[in-house]
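S.K.: Give the three-dimensional model of this entry:
(one chain, ligands or ions: 1)
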Amino acid sequence: MDCGKFFDVNFILESEKIPRCDCGGIVKPDVVLYEEPLPNRTVEQAVKAIADADVLIVGGTSLNVYPAAGFLRYFHGKHLVILNRDATQADSMAELCIRDNIAEVMEKIKVC
Ligand SMILES: [Zn+2]
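M.R.: Below you'll find the predicted structure:
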């Protein structure tokens, strides 16, 4: 978190305590945690990809937490699919809603 050095997952798995870099900084997974801001470039790329998409599959989110909840307004494509265990506020906009466990559903999807 201090110097920006990357480590593979084994470094974290093999750490007995909080994984630390040579520089003394904490090594954390490269994910955005709650209350951490998304990098601006990531937001810009997501908005552009959503704005250009014909199909958007939104999965594993209640759509109650921003900024993810706000990304839907950039979608102007034809087919919106919502895959979430519980109903969301955007279900009425979707062409297809799948209310199930996202991990189990995604395991069954095969790309042809
Ligand atoms: Zn470091």
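S.K.: tell me which helix or strand of the protein sits lowest on mean pLDDT?
M.R.: Confidence across the helices and strands of the chain bottoms out at helix 68-71, with a mean of 86, counting by mean pLDDT, DSSP states H and E.
S.K.: got a list of what Leu56 touches?
M.R.: Ile50, Leu72, Phe75, Gly77, His79, Leu80, Val81 (Cβ atoms under 8 Å, 6 or more residues apart in numbering). Where you see a C-beta, it was placed from the backbone N, CA and C, and this is true even at glycine.
S.K.: re earlier: run through the neighbouring helices and strands of the helix or strand following the least confident helix or strand of the chain.
M.R.: Going down the chain from helix 68-71, the next helix or strand is strand 79-83, by DSSP states H and E. Packing contacts for strand 79-83, counted by 3 or more Cβ pairs under 8 Å, 6 or more residues apart in numbering; DSSP states H and E, involve strand 55-59, strand 96-98, helix 102-108.
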